[in-house]
Each structure stands twice: as C-alpha cells, then as structure tokens.
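Student: Structure for this input, please:
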Amino acid sequence: MDKNHFSQIDTTKNVKSFGFLADGKEVLCFTLNNKAGCEFSVINYGATLTSLKIPVYDNKKTDIVLGFETLDDYINSYYLPSPPYFGTVVGRYAGRISNAEFSLNGKRIFLNKNHGEHSIHGGILGFSRKFWKLISFSSEENPSITLEYVSKDGEENFPGELTVRVTYTLTEENELQVSFSAKSSEETILNLTQHTYFNLDGHSKDIANQKLSVNSNKILETTEELIPTGEFASLKNHLFDFSSAKFCPVSIDNTFVLDDRIAATLISEKNKLKMTITTNQPAVHIYVGGNCFGRIKGKENTDYHTTSGICFEAQNFPDAPNHNHFPSATLKKDEEYNHQTTFKFENI
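Tutor: The predicted structure is shown next:
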C-alpha cells in the first residue's frame, strides 16, 4: 500500500505513518480497539504486531508485547547477531531447516543459509522483512485487519509463487485471533507463525514470576545447533515439564508436541491476567532468551534483557521437510494453507 492509497482507508483516525522504506514505500501503523478496552497495533512491514494493550485489575491499560517505536529500529534489529523478530509474521518456513536444504518431488532444493550452515525463519529476507499490502481494515465490532504478501517463485530459493494473507481479529471477548491462508502456484513447503514476545506484567518488566503451563508430553530432541534429530524426548521428570503450571524458564528454545488445541497458558499474578493460546498447529515452539538482548532499546526507552518476554510460536515442526514421520509441511499446487492461532486474555 503506497502513500497515495492512504485516503482509501475509511477510518484514518486509526491509521498513522510509521516511516518510509528505502524504496520510498510508506509503512503504516493500524490501531484497532474493541468495546472491552483492548487495543492492538500492526504495521505492514512484516505484518508486525507492535503493541497489545490489555486493561488489568485497576483498569489501566498495560502493553504486554515487546517492540519498537520506529521503523528504523525494526529494520536494524535484523542486523543483530541473533535477530529477535519482534511481533512479526515468520515465513516461508518458521524454525530451522537443516543444512538449508530438503527434497521435494525428487528434486533437491538448496535454500539461502542465514543461520550458520542452516536456514531459519525463511532465510535472509523472509516475510518478516517484507512490505505487506493492506486488503481490508474494519473498526466495527470484532475489529480486524487483513494483510497480503506475494512471494515470488524462487524467493530464497523456495519453489512456487506463494500468496499469503494474515488476518488479525480482536474479538469482543478479548481474543486476538491470528488467521493465515496461503496458496502456491506449484508444490512447495510452508510453515508460518506469529512471533510476538509476551510479558503479562508489561513489556518493560520481567517474566520470571509468571506461571507457564503447556499441554505436551514430549518435545523434539535436537542437536547442539538445535536441529531436530527426528527423535522425541519425554517430558516426564524433565526440566521443561509444564503439564502443571510453574515459573517461566529463564532460557528455553524448544518445540513442544501438542496434545490438544489448547497449547499453553501464561498467568500473571501481579496483573491478575491469564493468556490462553489455542491453535490448529501440531506444535508450539517456546522461546526465552537470546544473545540479541542487552543490545536492544525498545518502546518507552526500555532496555530489553534475556527475560523480558516469552514467545509462543504455534507452527509445524522445524525441519519437517527432512523427516518423513513429522507432520507434512508440503503445500500442493492450489491447495489452501489454513493456520489458526488465538491468544485469549482473561482477568482472574
């Protein structure tokens, strides 16, 4: 959506400029509110969720997601040693692909390497760094926004022209619904996720005292480089057994195999706030930490650190194209990809 399309949006009071890309395209910030007092903002650079404000026990709105205040900060974050991917849509393939290669229909595909010898989160210029077109924007009941990106055949060496849409809907029941759809001109692989870091105490706080539970009995076993071996590790008597709620880990980068559509819950006793994540995906990758922190100045001049936020990446298994017994990540020609993840917020 270029600058001269700004006037085509009916409710411009909820739209503001967020800066310009090097090619002159204007990035816009869209803010949506529901009747319960929740609001969120999205920019069409990376279809990125920049803020999510929830009324807590004293009716004060708390911004519970990490992010930046300027477009330059988002752009520059991808040049850090370990980019945080704050709030963005990740694709074509969320997570790692071993040696940045896989086979499809008997043909070996070699992707761009952007994580040592491997590919991660779509490659060098994944969907997180793309300009997304505005398709629809509604500020009525259950406000929503739909953005679209068309990934050309061969982009990052992935086959097929892929048309992706993401819709963010804020329901009147305080649910943030994230819906992905996609179609490809030829058979390809696809694994999308939403990569927001949450902190129910507020984005400038620490997650250490929040309680986490995950509906999972096993995680993917990985190498030291966090590449799946193809085996599973039981969570019985495991450090990461969150079948009953316990404090958030200070460091985690693991894929949990889900037993139920209800993937996980996070509870802040301080703000008396509960978040429940539900998804139709087979896994949730949970991430806390990263060597990028300590070098990032976020919103409201906040110094983000290793326990500033926790990321719930609802998705297919990392490296699934290289493991036949993992859920298939293949999207056939003209088949529709359907991914639904919901973040529900309740005062407790």
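Student: which is the next helix or strand following the lowest-mean-pLDDT helix or strand in the chain?
Tutor: The helix or strand of the chain with the poorest confidence is strand 296-297; it has a mean of 86 (mean pLDDT, DSSP states H and E). The helix or strand immediately downstream of strand 296-297 is strand 303-304, counting by DSSP states H and E.
Student: Now the helix or strand following that next one: average pLDDT?
Tutor: Moving toward the C-terminus from strand 303-304, the next helix or strand (DSSP H and E) is strand 310-315. Mean pLDDT, strand 310-315: 98.
Student: Remind me what strand 310-315 packs against, helices and strands.
Tutor: Applying 3 or more CB pairs under 8 Å, 6 or more residues apart in numbering; DSSP states H and E, we find strand 310-315 packed against strand 193-195, strand 197-198, strand 262-268, strand 273-279, strand 283-288, strand 337-347. (Glycine included, C-beta is placed from N, CA and C.)
Student: Comparing the ones you listed, which comes out most buried?
Tutor: strand 193-195 (a mean of 26; mean count of other CB atoms under 10 Å).
Student: That one: partners in the sheet, and parallel or antiparallel?
Tutor: Paired with strand 193-195 in the same sheet, following DSSP bridges, are strand 88-90 (antiparallel).
Student: got a list of contacts for the strand it pairs with?
Tutor: With contacts defined as CB atoms under 8 Å, 6 or more residues apart in numbering, strand 88-90 is touched by 46-49, 121-122, 126-128, 132, 164, 166, 180, 192-195, 313.
Student: Now go through those and say which are in strands.
Tutor: Those of these mapping onto strands are T48, L49, V164, V166, F180, T193, Q194, H195, E313, per DSSP state E.
Student: Determine the number of other residues adjacent to the spatially closest residue to G67 that is not a sequence neighbour.
Tutor: Distance criterion CB to CB, 6 or more residues apart in numbering; nearest residue to G67, sequence neighbours excluded, is T50 at 4.5 Å. Using other CB atoms under 10 Å, T50 has 26 neighbouring residues.
Student: mind listing what the residue lying closest to T171 once chain neighbours are set aside touches?
Tutor: The shortest distance from T171 to any non-neighbouring residue, by CB to CB, 6+ apart, is to N142 (5.1 Å). Neighbouring residues of N142 by CB under 8 Å, 6+ apart: N34, T169, L170, T171, E172.
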